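Asker: Need coordinates for the following:
(one chain, ligands or ions: 1)
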Amino acid sequence: MGSNRNALVAAVRQELAEARGSARAVLAAAESARGEAQGRRRLVRDAYATCLTQLAAAREAARDDIQRRFRSEATQLAGHLRGLATSSATGAAGAPWRLWSPSEPDPGARPGLLRIGAITFEETAALPGLIPLLDAVHLHVSGPSPQVDDLITGVLLRALGSTRPGDVQLTVYDPENLGGTLAPFAPLNPTFVGPGGLGSLLDDLADHICRVNESLGGQYPSLAELAAARPGPRPEPWRLVVLLADRATTVEMTTGQRAQLGRIVRTGVACGVHLVVRGLELDDDPTVERITVHRDQLATCDSLGHLEIRLDPPPPPDRIAAFCRTTAERLRAGPGPASLADLEPAKHWTESSVHGLIAPIGDSTDGTLVEVPLGDDPPHALIGGPSGSGKTNLIYAWLGSLATRYGPEELALYLLDFKEGVSFARYAPGPRDPSWLPQVRLAGINVNGDREFGLAMLRHLSEELRTRAQAAKRYDAGKLAELRTEDPAGHWPRIVAVIDEFQVLLAGRDAVADEAVDLLEDLARRGRSQGIHLVLASQDVAGIQALWGRPGLIAQFTLRIALPKARRILADDNLAAAVIPRFHAVVNTESGMSGANRIVRLPDAGDRAVWRTLQRKLWRTRPAGCAEPRLFDGDAVPRLPAALRPAGRVPSADAPVGSSPGAVLGERIDVAAHPARLRLGRMPGRNLAVLGTRADEACDVLAAAALSLAAQGPAHFSVICLDPAAGPAAARLFAELPSADWYDTSDARFDLAHLDIPHYVVGYALDAARDPALKKLLTEGPEQRTHVLGWWRSVARLRDDLGGVGARCDPIGAWVALDVHGADLAPLYPQPGGPVWYPRSRRALFFDRSVHRTPEVIIPYEVNSDHT
Ligand SMILES: Nc1ncnc2c1ncn2[C@@H]1O[C@H](COP(=O)(O)OP(=O)(O)OP(=O)(O)O)[C@@H](O)[C@H]1O
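Answerer: Predicted coordinates:
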């Protein structure tokens with residue numbers, strides 16, 4: 001029994017031990033699972049915390065980024081908006097009151113927006129708060145009375161100050177204050193409508209709108225379009241009608257008045273009638289801009305939605321009064337003259353010159369532009385007026401007006417100014433401005449000393465006349481219009497040649513004046529039908545002797561323009577020029593007959609900067625191949641062109657020698673600026689004498705001659721320098737010549753060998769030689785191709801070298817005279833008494849007995865300035 005119990009106990013113990021063991025194992029497993037779970041929980045919690053931190057950081061960064069981007073975009077946008085706003089409300093329309101002054105709009109510019117305050121948006125700098133008015137809306141302003149009135153005052157001042165005086169007509173209906181609300185505007189003389197006048201005011205406005213609509217003739221949708229299409233003064237002023245009413249007025253208005261007001265609201269803006277209303281109800285219409293003023297100077301308006309505008313303070317009353325006073329004075333004085341810009345057409349270069357050239361030169365006192373014709377009738381113009389009366393200014397205005405209408409295919413200009421100064425230089429490229437006026441073919445400035453250049457231009461025009469006449473004959477055309485129809489592919493622009501102070505060209509009774517008058521007469525007579533028009537300006541036509549006995553010449557100039565106090569431009573019984581004020585002109589297309597006068601106010605066309613801007617615009621649109629004009633400047637010294645120097649292309653000794661190489665002596669005074677050449681053939685007398693005491697110029701003539709000969713073919717030079725003063729110039733020449741010998745006072749000789757190639761003896765101060773061998777060289781040398789290019793300081797010394805008084809001068813076939821008077825040149829000149837020649841600086845008289853009938857004036861090239 002006992003053992004059974006023991007066995008049972010043992011078994012139970014055994015089982016218990018097993019159960020305990022497995023319970024422990026389960027516990028251990030559970031514990032380890034719990035540990036794992038706890039570890040996982042910790043990990044998750046840590047990860048969650050990290051994640052949260054990272055998310056927060058990312059969110060912060062993203063928010064910062066967004067804010068930064070927002071700020072920068074807002075600033076940028078605000079900048080753009082500010083730029084846009086500034087350009088939409090320029091000058092008086094947008095300037096703050098402390099800097100405010102009236103500003104004139106550009107011609108043709110449409111009215112912009114008007115500033116009433118500032119908009120502060122987020123952190124950006126304030127933007128101007130702008131509202132439309134003229135040509136755009138009626139204004140309806142509501143809110144507390146003093147602020148509303150201040151706002152209206154500011155808007156009115158900006159609208160009046162940013163338009164031309166007289167362009168806005170102000171009407172004020174202010175029954176409560178009897179006009180007192182807008183009293184500072186009183187000097188402008190606005191129409192104040194009394195308390196009982198609202199009905200008739202509305203009727204007047206409705207009538208006015210009907211009249212304007214009639215004048216638009218169905219052709220233009222609004223007055224604004226009509227004004228834009230027609231340059232010049234506005235066809236009708238804007239009517240700005242301020243209605244300062246209160247509730248009582250609204251109640252008192254009849255149904256008829258309400259209907260009239262509704263009509264004006266709907267139709268007014270298109271006809272330039274704008275209401276600015278406080279205290280009256282206006283019907284809803286797209287042309288009504290409502291502004292509501294809230295407390296604290298804040299306002300909202302239709303066009304800016306919910307954006308709040310902090311209103312500007314009202315303009316200081318003294319500023320309004322000062323503006324109104326000056327404007328009233330300007331109005332009393334009448335509109336100012338047109339500006340150069342007013343003469344411009346809406347579009348450049350759209351006119352055809354087939355039948356003539358028509359261009360305004362100014363306006364009449366009522367503001368309409370006065371056009372001046374040139375064509376078959378009148379063909380030519382004469383402009384007269386004393387010094388300082390504005391002739392040059394008138395020519396500037398006329399040329400500006402012509403050049404903006406007629407392109408280079410239609411118009412070619414030749415301009416010559418005999419006055420001291422550079423008036424036409426603006427039309428040619430210069431060191432500071434590369435642009436030129438595309439129609440200008442030739443501009444001559446500082447030509448007062450070079451009448452020969454005037455002659456050259458007339459000869460050139462004469463040649464053009466001949467070409468045109470021949471072409472007209474070929475096509476059987478009587479006048480330019482017919483030639484252009486028959487030859488549509490030809491280039492036949494009308495030519496306008498302007499000569500300012502033309503009396504200088506005709507001064508005196510010499511060969512230049514005689515030829516110039518002949519050429520002018522021919523051009524005036526035949527140019528009419530060939531489209532060549534002359535415009536001559538002068539201080540005094542009556543004093544031009546060359547015109548005496550040539551009434552036919554001046555009679556061709558049927559267009560007369562007389563400036564104040566001009567004499568003999570109009571007919572004797574036409575006294576208009578004596579009475580017109582400063583900067584006015586009388587335009588008369590009937591040779592100055594009284595009864596055909598038109599008085600024109602001339603714009604100030606002298607401003608270089610304004611002109612340059614316009615010229616650049618035209619220059620940029622010039623057609624391909626439009627060459628720059630030839631500019632002749634009488635004060636400039638031409639340089640010997642590089643192509644006429646031997647550098648780089650020295651001919652070899654066995655190259656062929658031309659039959660008569662040409663020595664270049666200087667620049668001819670002609671339209672093409674050709675060099676003057678002396679042919680040195682193998683014939684007696686082919687020597688050159690340079691005469692006078694101006695050593696620099698003599699050296700330049702010799703150097704140009706020698707260098708140009710060296711550039712043409714194989715040649716040998718003997719440089720003989722007998723005057724130490726000419727030494728440096730002679731030495732420079734010697735150094736530049738490819739093949740040369742040098743002689744001076746120590747070894748000068750004239751029994752020089754004749755060579756197989758041309759041999760040129762370049763002699764400086766040859767009169768110092770006193771060597772009989774020189775005469776032999778001069779006489780016999782040329783036939784052996786040995787030519788003397790010599791400088792003698794006087795004609796008498798040259799004669800001595802040739803054998804004294806009575807000696808023949810045949811060995812000197814050509815000469816260049818510097819400071820030698822015409823009479824002194826008699827021995828070297830075929831006609832008795834010598835040529836007419838009064839020496840002048842940097843000019844020389846060139847005569848080659850084998851080609852010239854009369855000598856020609858040349859400009860010695862500057863040869864050596866680059867070496868010194
Ligand atoms: N319409 C104008 N409006 C304003 N200023 C003008 C006008 N016309 C001329 N002037 C000015 O008057 C001055 C003289 O004008 P301009 O040189 O054209 O006269 P001019 O008759 O050619 O004189 P001169 O024969 O002495 O050269 C210039 O300073 C010019 O700017």
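Asker: The stretch 251-400 of the chain against the ligand: which residues are in contact?
Answerer: Where proximity means CB under 6 Å from any ligand atom, the interface of the stretch 251-400 of the chain facing the ligand comprises 385, 387-393. For every residue, glycine as well, the C-beta is placed using N, CA and C.
Asker: Could you list which of these belong to helices?
Answerer: Here DSSP state H is the test, and those give 391-393 as lying in helices.
Asker: By neighbour count, which of those residues wins?
Answerer: For those, neighbours were counted using other CB atoms under 10 Å, and residue 391 has the most, 24 neighbours in all.
Asker: which one is residue 195 nearest to, not counting chain neighbours?
Answerer: When the adjacent residues along the chain are set aside, residue 195 lies closest to residue 175, with 3.8 Å between them (CB to CB, 6 or more residues apart in numbering).
Asker: residue ranges for the strands of the stretch 1-150 of the chain, please.
Answerer: For the stretch 1-150 of the chain, strands defined by DSSP state E, counting those that start in this stretch occupy the ranges 114-119, 127-131, 138-142.
Asker: same thing with the stretch 601-750 of the chain?
Answerer: For the stretch 601-750 of the chain, the strands defined by DSSP E, counting those that start in this stretch cover 630-633, 662-668, 675-679, 688-691, 716-721, 740-744.
Asker: can you dump the C-alpha coordinates of the fifth one into CSV?
Answerer: If I follow you right, that is strand 716-721. In CSV, the C-alpha atoms belonging to strand 716-721 read as follows (Å, rounded to 0.1, in the frame of the first residue of the first chain):
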residue,chain,number,x,y,z
HIS,A,716,63.7,106.2,-110.2
PHE,A,717,63.7,109.4,-108.1
SER,A,718,66.4,112.0,-107.4
VAL,A,719,65.5,114.0,-104.3
ILE,A,720,67.3,117.4,-104.3
CYS,A,721,66.7,119.4,-101.1
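Asker: how about stretch 633-649: buried residues?
Answerer: Burial within stretch 633-649, assessed by neighbour count using 16 or more other CB atoms under 10 Å, is assigned to 633-634, 637-638, 640, 644-646.
Asker: Do you have the strands of the stretch 351-500 of the chain handy? List them.
Answerer: 356-363, 369-375, 381-384, 411-417, 440-445, 494-500.
Asker: want to throw these into a markdown table with mean pLDDT and mean neighbour count?
Answerer: Below are the strands of the stretch 351-500 of the chain laid out as a markdown table (pLDDT from 0 to 100; neighbours: other CB atoms under 10 Å):
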| stretch | mean pLDDT | mean neighbour count |
| --- | --- | --- |
| strand 356-363 | 96 | 23 |
| strand 369-375 | 95 | 19 |
| strand 381-384 | 94 | 26 |
| strand 411-417 | 96 | 26 |
| strand 440-445 | 94 | 24 |
| strand 494-500 | 97 | 24 |
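Asker: tell me, how many neighbours does residue 221 end up with?
Answerer: When counting by other CB under 10 Å, one arrives at 10 neighbours for residue 221.
Asker: so where does it fall, helix or strand?
Answerer: For residue 221, there is no enclosing helix or strand under DSSP states H and E.
Asker: For it, give me its contacts.
Answerer: Under the criterion of CB atoms under 8 Å, 6 or more residues apart in numbering, the neighbours of residue 221 are residue 270.
Asker: State the distance from it to the ligand.
Answerer: Applying CB to the nearest ligand atom, to the nearest Å, one obtains 37 Å for the distance of residue 221 from the ligand.
Asker: Quick check: residues of the stretch 601-750 of the chain near the ligand?
Answerer: Contact residues, the stretch 601-750 of the chain versus the ligand (CB under 6 Å from any ligand atom): 602-604, 606.
Asker: so which pair among the residues you listed is furthest apart in space?
Answerer: Considering CB to CB, no two members of those lie farther apart than 602 and 606, which are separated by 10.6 Å.
Asker: neighbour count winner among those two?
Answerer: Shown here are residue 602 and residue 606; by other CB under 10 Å, residue 602 has more neighbours (23 against 15).
Asker: In this structure, which helix is the longest?
Answerer: Ordering each helix of the chain by length in residues (DSSP H) puts helix 2-88 first.
Asker: thinking again about what came up before, which residues are in contact with each of residue 602 and residue 606?
Answerer: Among the neighbours of residue 602, those also in contact with residue 606 (CB under 8 Å, 6+ apart) are residue 393.
Asker: before we move on, the earlier item: was I right to think the residue nearest to residue 195 contacts residue 194?
Answerer: Yes. Residue 175 is in contact with residue 194 according to CB atoms under 8 Å; the separation is 7.5 Å.
Asker: Out of these two, name the residue with the larger neighbour count.
Answerer: Set side by side, residue 175 and residue 194 give different neighbour counts by other CB under 10 Å, the larger being at residue 175 (20 against 13).
Asker: Could you look up the SS state of the more buried one?
Answerer: Secondary structure assignment for residue 175 (DSSP: H, G, I helix; E, B strand; the rest coil): coil.
Asker: Quick check: the farthest pair among the residues of the stretch 251-400 of the chain next to the ligand?
Answerer: Farthest pair in these (CB to CB) is 387 and 393. Separation: 12.6 Å.
Asker: Around the residue in the stretch 51-200 of the chain positioned nearest to the ligand, how many other residues sit close by?
Answerer: Minimum separation of the stretch 51-200 of the chain from the ligand (CB to the nearest ligand atom) falls at residue 104, amounting to 16.3 Å. Applying other CB under 10 Å, we find 16 other residues in the vicinity of residue 104.
Asker: Which phi and psi values does it adopt?
Answerer: When quoted as degrees, to the nearest 10, the phi and psi of residue 104 stand at phi -90, psi 140.
Asker: and of the strands of the stretch 1-150 of the chain, who's closest to residue 344?
Answerer: Distances from residue 344 to each of those were compared using CB to CB; the shortest belongs to strand 114-119, at 27.9 Å.
Asker: Counting by contacts, list what the closest one packs against.
Answerer: When contacts are defined as 3 or more CB pairs under 8 Å, 6 or more residues apart in numbering; DSSP states H and E, strand 114-119 sits against strand 127-131, helix 145-161, strand 309-311.
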